[in-house]
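**Student:** quick one: sequence plus predicted model below, questions after.
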Amino acid sequence: MADFIGAVDQGTTSTRFMLFDHGGNERGRFQLEHEQILPRAGWVEHNPLEIRERTETVVRTVMNQMGLSASDLAAIGVTNQRETTVVWDRRSGRPLYNAIVWQDTRTDRIASALERDGRGDVIRRKAGLPPATYFSAGKVQWILENVDGAREAAERGDALFGNTDSWLMWNFTGGIDGGVHVTDVTNASRTMLMNLETLDWDDELLSFFDIPRSMLPEIRPSSDPQGYGTVRTGGPHGGEIPLTGDLGDQQAATVGQVCFSPGEAKNTYGTGNFMLLNTGEELVRSKSGLLTTVCYRFGDARPVYALEGSIAVTGSAVQWLRDQLGIIRDAAQSEVLARQVEDNGGVYFVPAFSGLFAPYWRSDARGVIVGLSRYNTSAHLARATLEAICYQSRDVVEAMAKDSGVDLDVLKVDGGVTANSLCMQLQADILGVPVSRPKVAETTALGAAYAAGLAVGFWKDTDELRANWNEGERWTPTWSDEERAAGYRGWQKAVERTLDWVDVQ
């Protein structure tokens, strides 16, 4: 039997390839960043060809470093930045435009028009999503309306759409030479085009955006024993590896955190924050600003659903301190700087660079720093940045409790920001519940590996996956109830200052 499962984790700022053994332990990894293209305020793009090249490189590097052949891997899974939209030509394999990233806000007029004329309510009912710049459909519409030749290519059947999972899998499986155009239910549920009940593309939703059905990938399970195709690896030890797992990154992290029972939740701290609460086979429709989404579907089993709170800017706010303000050299220094002060000094930072996502859904919001006095220093701003990550997560926890009636006993966390111990302590203090990080913090890649491995029998069932989970570190609250309440009141006042900043028509 093969010794490893591979996972491609194509994220917002980088792509990595990781190998896991049967115990769910990381055995190999290589990672490369890609360029963040910012043509104008509110626009965020990636080069799909660069992402493809970086993905091929990270896979090849790990295989070569470990001296592995294709036969050493039982399967490969893919996980990806979900709503980021690629449209490409099936004949040439060339993108018609850069990938439009999930953070991009250029489609705010499209989203506002949907809300004004009542189509937004149909999207909520059928797709479980509010009409927002976040999701894929508006980005596809923008490309079709603004890129020369795109509409004509789509009408001819030559233009293909997918999130980055579809783009990579099409290329993995042959590209212009027979590439498979597929996605899974979790990625499809992020487009505003899939009906949550039928798990198929919905003609009425397609008509709202004037998107031809021929552009869309086939929707498949997240873990598919039939497979989506094979990854063709070159070199002296090359061969073909079954491609059997595909999950959007936050659903993958939920699987990696083994949140398989209703009521179990996880929070991933990356470029943004994403909290998912497993609601089982029941579709729970949010009344508190959360998303109803597919959590996963394994083979022919019924789909499992989730409530999700999506936060646009958390870890990327730390990047902003580094890249735009230049007050830290790297992400780790944010903790060192923030520890120089005992509190935020009255400063709150709401990083609404892309508007506010859950639970507010306000595209007119923009970032603010409030409460400044001459006393404040860069250390207070660093501390306020870490607190902003945690307060935004509390907003989502409060909404989840309203929708589900479930109060968290503990919050499972993962992702890059969890390496910041001060931030995790602040999260426990601001929520008032313990925060638990597993030994394997890269749960997004692990979840993709689990999905792929379940499909080929590398792991027998989810009970076997549960046995792999082990706590690595735990943070317990230290603030009093009064401190917690006062801090949250200040945050809520700061959020109010972000609203009505941009005029959206």
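**Tutor:** Perfect, thanks for sending it.
**Student:** figure out how far the helix or strand bottoming out on mean pLDDT in the chain is from the centre of its chain.
**Tutor:** When the helices and strands of the chain are scored by mean pLDDT, DSSP states H and E, strand 229-233 comes last with a mean of 84. Taking the mean of its C-alpha atoms, strand 229-233 sits 25 Å from the chain's own mean (C-alpha atoms, centre = their mean, to the nearest Å).
**Student:** next secondary structure after that strand?
**Tutor:** The helix or strand immediately downstream of strand 229-233 is strand 239-248, counting by DSSP states H and E.
**Student:** packing partners for the least confident helix or strand of the chain?
**Tutor:** Applying 3 or more C-beta pairs under 8 Å, 6 or more residues apart in numbering; DSSP states H and E, we find strand 229-233 packed against helix 48-65, helix 164-172, strand 239-248. C-betas here are computed from N, CA, C, even on glycine.
**Student:** these: which one's closest to residue 106?
**Tutor:** Closest approach to residue 106 among these is made by helix 48-65 (17.3 Å; C-beta to C-beta).
**Student:** which parts of the strand or helix carrying residue 121 are buried?
**Tutor:** Using DSSP H and E, residue 121 sits in helix 119-127. Neighbour-count burial for helix 119-127, counted by 16 or more other C-beta atoms under 10 Å, picks out 119, 120, 123, 124, 126, 127.
**Student:** ok, stretch 398-417 next?
**Tutor:** 399-400, 403-404, 406, 408, 410-417.
**Student:** chain center to that stretch, what's the gap?
**Tutor:** Centroid separation between stretch 398-417 and its chain, computed with C-alpha atoms, centre = their mean, is 17 Å.
**Student:** distance of the residue lying closest to residue 446 once chain neighbours are set aside from residue 310?
**Tutor:** Closest residue to residue 446 apart from its sequence neighbours, by C-beta to C-beta, 6 or more residues apart in numbering: residue 256 at 3.8 Å. Distance from residue 256 to residue 310, counting by C-beta to C-beta, to the nearest Å: 18 Å.
**Student:** thinking again about what came up before, what's the angle between the helix or strand following the helix holding residue 121 and helix 119-127?
**Tutor:** Downstream of helix 119-127, the next assigned helix or strand under DSSP H and E is helix 136-146. Computed by axes from the mean of the first three to the mean of the last three C-alpha atoms, to 10 degrees, the angle separating helix 136-146 from helix 119-127 equals 130 degrees.
**Student:** report the buried residues of helix 136-146.
**Tutor:** Going by neighbour count (16+ other C-beta under 10 Å), the buried part of helix 136-146 is 136, 137, 138, 139, 140, 141, 142, 143, 144.
**Student:** state the mean pLDDT of it.
**Tutor:** On average, the pLDDT along helix 136-146 is 97.
**Student:** so which elements touch that helix?
**Tutor:** Going by 3+ C-beta pairs under 8 Å, 6+ apart, helix 136-146 lies up against strand 85-89, strand 99-100, helix 108-116, helix 150-156, strand 159-163, helix 203-209.
**Student:** now that helix - C-alpha only, PDB.
**Tutor:** Extracted in PDB, the C-alpha atoms of helix 136-146 (Å, rounded to 0.1, in the frame of the first residue of the first chain):
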ATOM      1  CA  SER A 136     -18.000  34.100  -7.700                       C
ATOM      2  CA  ALA A 137     -21.100  34.900  -9.900                       C
ATOM      3  CA  GLY A 138     -20.700  38.600 -10.000                       C
ATOM      4  CA  LYS A 139     -17.100  38.300 -10.900                       C
ATOM      5  CA  VAL A 140     -17.900  36.100 -13.800                       C
ATOM      6  CA  GLN A 141     -20.600  38.600 -14.900                       C
ATOM      7  CA  TRP A 142     -18.000  41.400 -14.700                       C
ATOM      8  CA  ILE A 143     -15.500  39.500 -16.900                       C
ATOM      9  CA  LEU A 144     -18.200  38.700 -19.500                       C
ATOM     10  CA  GLU A 145     -19.200  42.400 -19.600                       C
ATOM     11  CA  ASN A 146     -15.800  44.000 -19.500                       C
END
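**Student:** for stretch 358-368, the distance to its chain's centre please.
**Tutor:** From the chain centre to the centre of stretch 358-368 is a distance of 18 Å (C-alpha atoms, centre = their mean).
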